[in-house]
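1. Show me the folded form of this:
(one chain, ligands or ions: 1)
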Amino acid sequence: MSWDSIVGHGLQIRILRTAVSAGRLAHAYLFSGPEGTGKETVAFELAKLLNCRQVVNAGFSEACGRCESCRMIDDFMHPNVEYVFPVESVLLEQSDPSKAENKRIAEARDRYEALIEKKKRNPYFTPAMDRSMGILTDQVAALQQKASFMPSEGGKKIFIISQPEKLLAAAANKLLKLLEEPPEHVLFVLVTSRPESVLPTIRSRCQALKFSRVRPADMERWLSSAKAELSEEARRFIVNFSRGNLGTAVELAATAGESGDDAFEGLAIRNRAVEFLRTVLSPGRLDEAVSETENIAKNLGRQEIVSLLGALLLFFQDINHRKIDPSWRALNNPDLVEPVDRFVRNFGDPDFLALSIATEETIRAIQRNGNPLLTLGAFTIRLKRLLRRV
Ligand SMILES: [Zn+2]
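-> Down below sits the predicted model:
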């Protein structure tokens, strides 16, 4: 990795590089912006630059990416870099070989390690343990303790706190104390996609750096070089489908690589979404529609349901485009021109704004742990109302 390997965010990187060169880094930053834009990759790259043993100076300084320090950061093993995200409290319990409790702790550690491994494979992934209540007081207490020691090897300590909106109240208070009197040798980087949910007292102690969604052109360029094995069709699908979320793009590209372009999971989910829509809207197929809704709710994971709904959004967009301009070529689903046009003929003049709002709301409800069956059931009813046959 180097600054060049980061997708987009030229302005934010320039601001940080300039601050490093001028010796004017703030004590604490709040990186905010949509999910999957690579905010944390920027934080880790900054950590490397501040600890690299062979900084490359080509106009602006840059971490070498190869020295022991850079490699330790890649492996989440560097003593100067702390990465904090919501974990289960059992993870922090001391294990005592004489107790049966040990097994529980060991299992929690395995779950934690699995998340770190996933993060290594997909640097755009935002980890959080499933049974976590949030960022715990003990996690911040550990930071407090680590902050009291000088950094090793003359580098700088960096504490990267992922999802600071999930700090439990006591943890937030502890962090606030640290931010109020930050030790000279520690840099805090808080990273969030929900800055409005971060406590104002914490926000006000951090310099804000806003990130925007990765542009399709930047993502396309990155996929062509980093995932050169993808066919153009798969690449185009991934760019549209991931809607600027690099994490989603990495996952999709991995499944495309495993199973070949034709069968890859993203396309399979898209096809299922379109088939679902067709069933829901067909008169006389109510039973089928109900059982398919149940099937999706029961058998797909939350992330897959979100992907399916995301695919519907893109399909609606295509219908809207072809309705406005029947010769429109730049479809999200270029292989579905025929079904898109059939929709345009059959469904008159739907309210596309209401359709996308209904879909977006359903996506958010699923992401916020809404009951999948009830949420999808309600969505199906809205779809039937919004899409009437002519
Ligand atoms: Zn290095």
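
2. which residues in the stretch 151-300 of the chain form helices?
-> Using DSSP state H, counting those that start in this stretch, the helices of the stretch 151-300 of the chain run over residues 169-180, 200-203, 216-226, 232-242, 246-263, 265-281, 286-299.

3. For the ion, which of these is the nearest?
-> Taking Cβ to the ion, helix 216-226 is the member of the helices of the stretch 151-300 of the chain nearest to the ion, at 20.9 Å. Backbone N, C-alpha and C define where each C-beta goes, glycine included.

4. distance between the closest one and the chain's centre?
-> 17 Å (Cα atoms, centre = their mean, to the nearest Å).

5. For that helix, the averaged confidence score.
-> Averaging pLDDT along helix 216-226 gives 90.

6. That helix versus helix 232-242: what angle between them?
-> 130 degrees (axes from the mean of the first three to the mean of the last three Cα atoms, to 10 degrees).

7. Can I get helix 216-226 as PDB, trimmed to CA atoms?
-> Below are the C-alpha coordinates for helix 216-226, written out as PDB (Å, rounded to 0.1, in the frame of the first residue of the first chain):
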ATOM      1  CA  PRO A 216     -17.700   5.400 -10.400                       C
ATOM      2  CA  ALA A 217     -14.800   6.400 -12.600                       C
ATOM      3  CA  ASP A 218     -12.300   6.000  -9.800                       C
ATOM      4  CA  MET A 219     -13.700   2.600  -8.900                       C
ATOM      5  CA  GLU A 220     -13.600   1.500 -12.500                       C
ATOM      6  CA  ARG A 221     -10.000   2.500 -12.800                       C
ATOM      7  CA  TRP A 222      -9.100   0.700  -9.500                       C
ATOM      8  CA  LEU A 223     -10.900  -2.500 -10.600                       C
ATOM      9  CA  SER A 224      -9.200  -2.500 -13.900                       C
ATOM     10  CA  SER A 225      -5.800  -2.600 -12.300                       C
ATOM     11  CA  ALA A 226      -6.400  -4.400  -9.000                       C
END
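
8. So which other helices or strands are in contact with it?
-> helix 232-242, helix 246-263 (3 or more Cβ pairs under 8 Å, 6 or more residues apart in numbering; DSSP states H and E).

9. If you average pLDDT over each of the helices of the stretch 151-300 of the chain, which is lowest?
-> helix 246-263 has the lowest average pLDDT among the helices of the stretch 151-300 of the chain, namely a mean of 70.

10. List the buried residues in stretch 200-215.
-> For stretch 200-215, burial by neighbour count (16 or more other Cβ atoms under 10 Å) applies to 202-203, 205-206, 209, 211, 213-214.

11. Widest-spaced pair of those?
-> With distance counted by Cβ to Cβ, no two of the buried residues of stretch 200-215 lie farther apart than R205 and V214, which are 28.1 Å apart.

12. any idea which helix or strand of the chain has the worst average confidence?
-> helix 246-263 (a mean of 70; mean pLDDT, DSSP states H and E).

13. Now distance to the ion too, for the helices of the stretch 151-300 of the chain, in CSV please.
-> Listed next are these as CSV, based on distance: least, Cβ to the ion, whole Å:
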stretch, distance to the ion
helix 169-180, 27
helix 200-203, 31
helix 216-226, 21
helix 232-242, 30
helix 246-263, 23
helix 265-281, 35
helix 286-299, 46
